[in-house]
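Novice: Take this sequence and fold it.
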Amino acid sequence: MLVLGFPVGPLQANCYVLARGEGEPCVVVDPGQDAVAPLDEQLRKHRLAPAAVLLTHGHFDHVLSAGEVCAAHDVPAYVHPADRFMLDDPGAALGPAGRQLFGDGPVMDAPADVRDLADGDVLELAGLRFDVTHTPGHTGGSVLFGVGTDEGGQLLLSGDTLFAGAIGRTDLPGGDHGQMLESLSTKVLPLDDEIVVLPGHGPTTTIGRERAGNPFLQGLPASDAIS
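Specialist: Reported below is the predicted structural model:
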C-alpha cells in the first residue's frame, strides 16, 4: 500500500494520498490551501489517478483546493453534511478574529459533485475500504477515516480531532468542547493501540502513544466499544 503525506498552505495542514500501489487509482484526503502543485507532483511521480476526495472536516486549510482537484480529475468529494456549508463559504468557521485576519475569508470553487458522509459509512474507493466515524467537537461534521493496509495494519486519518500530543481546538464557530471530549472518549479511546494515526497537522503517531501520553486524553473514560 502506498501512503503519501505532505503539509500544505500557511497553516501546514497535512494532505494525504492513499493507493494500493504505484500506477493505481488513489484517494486524496484533505487537499487544503495551496495543495494543487505538490499534489500534482506526487500524482505524476507515482503515476496515480484520483478516484475521490475525502474531507475530514470543512475548515479552509483542509478543503480549499478540493474543488480544483475534483474538477481536474472529474471526481466527487465526500464531506459530512454538517460541514458542507463551508465548501460554499470557507470563511464561515473563522470567527470574528479570523474574519479580521482574512478579510471576507479565503475563496474557493466548491466541488460540483459533493456526497454526504454519515457515521458508520463504508466507502469502497480505489480498491481501498474507508470506515467513517463521526467525531463532532472540532467542527460539527468532523470525521475519522479508518483504512486497513495490505500488510494487515490499520491507519486512522484523524483530521483535527486528534494530533500527536494534542487535540483540535474547539473555540471556533461550530466547535464544542463537550462534544470533543465525548468523541474522544467513545470513538478514539476504544481503538487498538497499534493503529497508526495520520493527523491533520503535525507528525504521525499511534493510538497507544496518545493514550499513554496525550494530556488531553488523560482521565477520560473509555467506552468498551465504539458507539
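Novice: use CA for all of it now, contacts and neighbours both
Specialist: Noted.
Novice: and residue 5, backbone torsions?
Specialist: Backbone geometry at residue 5, expressed as degrees, to the nearest 10, gives phi -140, psi 140.
Novice: hey, what's the closest residue in space to it that isn't next to it in sequence bridged with?
Specialist: In this structure, residue 5 finds its nearest non-sequential neighbour in residue 16, 4.4 Å apart by C-alpha to C-alpha, 6 or more residues apart in numbering. Bridge pairing for residue 16 (DSSP bridges) gives the partners residue 5, residue 29.
Novice: hang on, residue 39 in a helix?
Specialist: Yes: according to DSSP: H, G, I helix; E, B strand; the rest coil, residue 39 belongs to a helix.
Novice: got the phi/psi numbers for the residue nearest to residue 205 when sequence neighbours are not counted?
Specialist: Distances taken as C-alpha to C-alpha, 6+ apart place residue 197 nearest to residue 205, at 5.1 Å, with adjacent residues excluded. In terms of degrees, to the nearest 10, the main-chain angles of residue 197 are phi -100, psi 130.
Novice: What count of nearby residues applies to residue 197?
Specialist: 24 (other C-alpha atoms under 10 Å).
Novice: Please name the residues that touch it.
Specialist: By C-alpha atoms under 8 Å, 6 or more residues apart in numbering, the contact list for residue 197 reads 155, 156, 157, 158, 204, 205, 206, 207.
Novice: Roughly how far does it sit from residue 144?
Specialist: Plainly put, residue 197 is 10 Å away from residue 144 if you go by C-alpha to C-alpha, to the nearest Å.
Novice: what do you get for residue 25?
Specialist: Counting by C-alpha to C-alpha, the separation of residue 25 from residue 144 is 21 Å.
Novice: Show me the residue sitting in the middle of this protein in space.
Specialist: residue 56 (2.9 Å; C-alpha atoms, centre = their mean).
Novice: how far away is it from residue 152?
Specialist: Where residue 152 is concerned, residue 56 sits at a distance of 23 Å (C-alpha to C-alpha).
Novice: Listing request: residues of this structure with sub-threshold pLDDT.
Specialist: When residues are selected by pLDDT under 70, those of the chain lie in 95-105, 223-227.
Novice: mind listing what's buried in stretch 67-77?
Specialist: 67, 68, 69, 70, 74, 75, 76, 77 (16 or more other C-alpha atoms under 10 Å).
Novice: Need the residues that contact that stretch.
Specialist: Contacts of stretch 67-77 (C-alpha under 8 Å, 6+ apart): 31, 36, 49-55, 66, 108-115.
Novice: now stretch 166-177
Specialist: Against stretch 166-177 from outside (C-alpha under 8 Å, 6+ apart): 92-95, 136-140, 160-162, 180, 214-216.
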